[in-house]
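Participant: turn this into a model:
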Amino acid sequence: MTNSIGIEYITDEAGNKSKVLIAYEDWQHIETGFKEWMAYKARKSSLNTAFMEVKLMQEGKLPKTDMETFLDEC
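Facilitator: Presented below is the predicted three-dimensional model:
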């Protein structure tokens, strides 16, 4: 994929853009990147939750989990 994507706009009767056309190959690259970004966001959210739980455990606000229980949850 090049740095620029050929985009064609479809407009309605009033001249308002209503749809976008791009080459299928460009769409595949965009879709792949989007899926990777969504997976990154999910991992980041999961890690943020885990760090928050550890902090709460250190502060005594959540019970600590032993290793066997932790591994069983995985």
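Participant: name the helix or strand of this protein that has the lowest mean pLDDT.
Facilitator: Lowest by mean pLDDT, DSSP states H and E among the helices and strands of the chain is helix 67-73, with a mean of 85.
Participant: which residues touch Leu21?
Facilitator: Contacts for Leu21 (Cβ atoms under 8 Å, 6 or more residues apart in numbering) come out as 7-10. For glycine as for every other residue, the C-beta is placed from the backbone atoms N, C-alpha and C.
Participant: for the least confident helix or strand of the chain, which outside residues touch it?
Facilitator: With Cβ under 8 Å, 6+ apart, helix 67-73 has contacts from Thr65.
Participant: relative to the whole chain's centre, how far out is that helix?
Facilitator: Taking the mean of its C-alpha atoms, helix 67-73 sits 27 Å from the chain's own mean (Cα atoms, centre = their mean, to the nearest Å).
Participant: buried residues in it, which are they?
Facilitator: When neighbours are counted by 16 or more other Cβ atoms under 10 Å, no buried residue of helix 67-73 is found.
Participant: with only the CA atoms kept, save that helix in CSV.
Facilitator: Taking C-alpha atoms only, helix 67-73 is exported to CSV below (Å, rounded to 0.1, in the frame of the first residue of the first chain):
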residue,chain,number,x,y,z
MET,A,67,-0.3,-18.5,42.8
GLU,A,68,-2.4,-21.7,42.4
THR,A,69,-5.6,-19.7,42.3
PHE,A,70,-4.1,-17.2,39.9
LEU,A,71,-3.0,-19.9,37.5
ASP,A,72,-6.3,-21.7,37.7
GLU,A,73,-8.0,-18.4,36.6
